[in-house]
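**Q** this one's structure only:
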Ligand code: KIV
């Protein structure tokens, strides 16, 4: 069994697309990692898809630790990233203490939803040996600011801000940048500006990798889904294993996301 590390995932940039999927339990972890998913994210989307809330805000650090431990047990070698939940990293000291708990539970990297304010935190985590994924664009933990999901980077000012933020996060030591709900051309220019990989969700085909929520990927959804969601569980891939394999193939071969899954600047 080969294990994907922070270094190997970074080396995939410009060579092969990176496949990522969320996982919350041991079975999802086993199924996804044994079908060739490069990165498993223990997402705080657990708040919505596991707990049934309408946002990620109620998720606690101890719940994230629990899910990370579950995912770790049956992981067959994917890089394991854990989300830092709402308000668990608003000071650098809090971030260091709480990231340590996720790393001790089995995470190999932590993900933080970032603005310019998070740059010092990313630097401090990196200095203490904790790899980071910086999530920018639409950041679900700030949903209360907008009321509903929003596409980021449509205006010249917003797209320049996003590019500057991504570059500053890279300089601070971030190992991956996750781009959510961003027009495809902006993702392309951010991805070209960075030497670390970008992972996209609703960010078009030019990101270095793609991520989906496990349940969205198999069409097990309870309401309206965003345009970037694709159900890979079809007549030709009727089992969960086959759906994951179809998702991996589609991302690696640049078939997903297609034009209908993307947002444009205009
Ligand atoms: O929590 C999550 O699942 C995420 C992905 C949607 C990127 O952050």
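**A** Looks like it arrived, so ask away. Just so we're clear, the structure is a prediction, and the values are computed from it rather than from any experiment.
**Q** Excluding covalently adjacent residues, which one is nearest to residue 185?
**A** With CB to CB, 6 or more residues apart in numbering as the criterion, residue 185 has its nearest non-adjacent residue at 5.5 Å, and that residue is residue 265. Quick note: C-beta positions are derived from backbone N, CA and C, even for glycine.
**Q** Now do the same for that neighbour: helix, strand or coil?
**A** coil (DSSP: H, G, I helix; E, B strand; the rest coil).
**Q** Check residue 133 too.
**A** The three-state label given to residue 133 by three-state DSSP is strand.
**Q** With adjacent residues omitted, what lies nearest to the residue in the chain that the ligand sits nearest to?
**A** For the chain and the ligand, the shortest gap (CB to the nearest ligand atom) falls at residue 43, measuring 2.4 Å. Closest residue to residue 43 in three dimensions, ignoring its sequence neighbours and counting by CB to CB, 6+ apart: residue 22, at 4.1 Å.
**Q** Show me what the one you found bridges to in the sheet.
**A** Note on residue 22: beta-bridge partners by DSSP bridges are residue 41.
**Q** for stretch 145-161, which positions count as buried?
**A** For stretch 145-161, the buried set under the neighbour-count rule, 16 or more other CB atoms under 10 Å, comprises 151, 152, 153, 154, 158, 159, 161.
**Q** show me what contacts residue 16?
**A** Contact criterion CB atoms under 8 Å, 6 or more residues apart in numbering gives residue 252 as the residues in contact with residue 16.
**Q** what's the neighbour count on the residue nearest to residue 43?
**A** With neighbours defined by other CB atoms under 10 Å, the count for residue 22 comes to 27.
**Q** Was I right to think it contacts residue 39?
**A** No: here residue 22 does not reach residue 39: they are 9.8 Å apart, not a contact under CB atoms under 8 Å.
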